[in-house]
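**Student:** here's a sequence, model it:
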Amino acid sequence: MPFAVYMIGFLVFMAGVVWAAVVVGVPQLYITFGVLALIVIGALVAFGRSRNRHHHDRRRHQNY
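**Tutor:** Numbers count the residues shown, from 1 in each chain. Next up is the predicted model:
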């Protein structure tokens, strides 16, 4: 799946978490740091899952 699809889904998830934190009364500073950490984690997971898993090393498959 494309990177953008994972990020859109993750941003929707994160928006729900932030909304719940605001409703519960979590301080804004904690929410800000939590959002920054979630963005980094989400980007790393989305990038890792969207990579082409069928990449072959051409040097290994060369005919001599």
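
**Student:** residues contacting the residue nearest the centre of the chain?
**Tutor:** Nearest to the mean C-alpha position of the chain, counting by Cα atoms, centre = their mean, stands residue 42 at 1.9 Å. The contact partners of residue 42, by Cβ atoms under 8 Å, 6 or more residues apart in numbering, come to 6-7, 10-11, 14. For the C-beta atoms, the positions are set from N, CA and C on the backbone; glycine is no exception.

**Student:** among these, which two are most distant?
**Tutor:** Maximum pairwise distance in the contacts of residue 42, criterion Cβ to Cβ, is 12.2 Å, between 6 and 14.

**Student:** can I get the contacts of residue 42 in JSON lines including distance to residue 30, neighbour count and secondary structure?
**Tutor:** Converted to JSON lines, the contacts of residue 42 look like this (distance: Cβ to Cβ, whole Å; neighbours: other Cβ atoms under 10 Å; DSSP: H, G, I helix; E, B strand; the rest coil):
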{"residue": "6", "distance to residue 30": "25", "neighbour count": "18", "secondary structure": "helix"}
{"residue": "7", "distance to residue 30": "23", "neighbour count": "18", "secondary structure": "helix"}
{"residue": "10", "distance to residue 30": "20", "neighbour count": "17", "secondary structure": "helix"}
{"residue": "11", "distance to residue 30": "19", "neighbour count": "13", "secondary structure": "helix"}
{"residue": "14", "distance to residue 30": "14", "neighbour count": "17", "secondary structure": "helix"}
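
**Student:** which one of those is nearest to residue 36?
**Tutor:** residue 14 (10.7 Å).
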